[in-house]
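Q: Need coordinates for the following:
(one chain, ligands or ions: 1)
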Amino acid sequence: MVARAVTLRLAGAHDAPVMALMSRDLIEAGLAWRYSPRRVAALIAEDETAALVACDGAEVLGFAVMQFGDERAHLSLLCVLPAHQRRGIGRRVLEWLFESARVAGIASIHLELRADNEPGRLFYRALGFNETNLVPGYYEGRFAARRMVRTLRPTEPDPQSHRTS
Ligand SMILES: CC(C)(COP(=O)(O)OP(=O)(O)OC[C@H]1O[C@@H](n2cnc3c(N)ncnc32)[C@H](O)[C@@H]1OP(=O)(O)O)[C@@H](O)C(=O)NCCC(=O)NCCS
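A: Numbering: from 1, shown residues only. Now for the predicted structure:
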């Protein structure tokens, strides 16, 4: 089912507390809480960061935070409330970010997720991400991370790599 009543908008500072709580409960479960309301508010205020919320009226159902570099973007946070999962909200949020990344000239989007997060892996695969490497102990030295990447456009070859000495 596609969640047509759900609207997407850029997050504001007032969204930081609920986003931080969702991160604690849905993304950082079992880990120390790093994305506090203060840290999320700081991310929302950054020029190079896109923070997007999916809402039904005043209720935030999901959100994502992505940081933009010159050619690479890093998806730091993404979650949807359990009662609203499998309604296409995560897909809509990511497709919005893909489009803004394309407009910004981004070549690839990178992320890490817990290696045991099989639903998350399947979601990202469905959205065109591919697994790259496993990083043992990435989370607090206790849990492995899986890195994934979504290519948006081919990168220019590095001119240095063609130099012969
Ligand atoms: C991962 C997450 C963001 C997906 O959000 P969502 O709104 O439920 O995803 P969508 O409904 O847009 O799913 C899009 C597609 O992804 C795949 N998918 C999503 N969840 C899946 C699951 N649990 N198992 C298998 N495939 C899944 C399906 O192909 C789905 O399409 P379909 O429903 O037509 O079959 C959500 O499950 C979540 O918040 N999980 C907890 C936090 C988390 O793991 N975040 C990512 C790592 S930081």
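Q: where along this structure do the strands fall?
A: Assigned by DSSP state E, the strands in the chain fall at 7-10, 49-56, 59-68, 72-80, 108-114, 130-139, 143-151.
Q: how about the residue lying closest to Pro17 once chain neighbours are set aside, what does it touch?
A: Excluding the flanking residues, the one nearest Pro17 by Cβ to Cβ, 6 or more residues apart in numbering is Pro37, at 4.6 Å. Where you see a C-beta, it was placed from the backbone N, CA and C, and this is true even at glycine. Shown in contact with Pro37 (Cβ atoms under 8 Å, 6 or more residues apart in numbering): Ala16, Pro17, Ala20.
Q: any chance of those in TSV, with pLDDT, distance to Glu112 and neighbour count too?
A: Listed next are the contacts of Pro37 as TSV, based on pLDDT from 0 to 100; distance: Cβ to Cβ, whole Å; neighbours: other Cβ atoms under 10 Å:
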residue	pLDDT	distance to Glu112	neighbour count
Ala16	98	22	22
Pro17	98	25	14
Ala20	98	19	21
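Q: and of the residues you listed, the nearest to Gly30?
A: Ranked by distance to Gly30 (Cβ to Cβ), those are led by Ala20 at 16.5 Å.
Q: Distance check, that closest one against Ala13.
A: Going from Ala20 to Ala13 by Cβ to Cβ, to the nearest Å gives 12 Å.
Q: and for those two, which residues touch both?
A: Between them, Ala20 and Ala13 share no contacting residue, judged by Cβ under 8 Å, 6+ apart.
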